[in-house]
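Engineer: Pasting the sequence and the predicted coordinates here, then a few questions.
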Amino acid sequence: MNCLVVVAHPVADSLCHALAQCAIQALTEAGHTVQVEPLYQNEFSPSLTASERQSYYHLPFDSSAVQPQVSHLLSAEALVLVFPTWWFGFPAILKGWFDRVWAPGIAYDHGTDLGSITPRLLKLRRALAITSLGSPWWVDRLLLRQPVKRVLKTALIGTCAPACRFEMLSLYKAERLSPNEVEAFCSRIQRRLAQWS
């Protein structure tokens, strides 16, 4: 498959970049084509421009400033997102990537009454979100009911790519992990991606 790996962490030697490398290696070894989109290293601007916002409801959407990212998304049959969960949400740069790239005419079409939308990412078959959190698992799952997972699964992928199978791997207590725990999590990533076909 054509796989797009989007990495959203500002520090090049971070845990998230190490996890991204595990994913890239697993996909490459399985014979997939891999396109990597390191948002911070590419200096992607998360801010929706005035022109982009004004064209949200008056097509065509002005995607001129994000055309390379749009092309990568539209050619992807599989998507891997690697990012830290900060304050139980996306890093601003990843939220901006969704705002600017998952736009009308690209990821979906508005209904004529601006009600229900029609999905456009019909080529996307698999998606895996890999995230690190400083909190323990029970805070994310029991207290907050996995807000990031719910947004990805229901609002984004479920709406724009309904045929896509979505999975998520969350690494908790990320600041206090041993090398063995990180290695075990990398093995989980590799096993999960080895099942993709």
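Structural biologist: Thanks, I have the structure now.
Engineer: List the buried residues of the helix or strand encompassing Leu193.
Structural biologist: In the assignment (DSSP states H and E), Leu193 maps to helix 179-194. By 16 or more other Cβ atoms under 10 Å, the buried positions in helix 179-194 come out as 182, 185-186, 189-190, 192-193. Every residue, glycine included, has its C-beta placed from N, CA and C.
Engineer: what do you get for stretch 112-125?
Structural biologist: Those would be 119-121, 123-125, for stretch 112-125 by 16+ other Cβ under 10 Å.
Engineer: Please tabulate those in TSV and include pLDDT, secondary structure and distance to Leu74 as additional columns.
Structural biologist: Output for the buried residues of stretch 112-125, formatted as TSV (pLDDT from 0 to 100; DSSP: H, G, I helix; E, B strand; the rest coil; distance: Cβ to Cβ, whole Å):
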residue	pLDDT	secondary structure	distance to Leu74
Pro119	96	strand	13
Arg120	96	coil	9
Leu121	97	coil	8
Lys123	96	coil	7
Leu124	97	coil	9
Arg125	97	coil	14
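Engineer: so which of the residues you listed comes closest to Ala92?
Structural biologist: Closest to Ala92 out of those is Leu121 (22.7 Å), distances taken as Cβ to Cβ.
Engineer: give me phi/psi at the spatially closest residue to that closest one that is not a sequence neighbour?
Structural biologist: Excluding its sequence neighbours, the residue lying closest to Leu121 (Cβ to Cβ, 6 or more residues apart in numbering) is Ala161, at 3.8 Å. Per-residue torsions, Ala161: phi -140, psi 70 (degrees, to the nearest 10).
Engineer: Burial check on Ala161, number of neighbours?
Structural biologist: Ala161 has 24 neighbouring residues, counting by other Cβ atoms under 10 Å.
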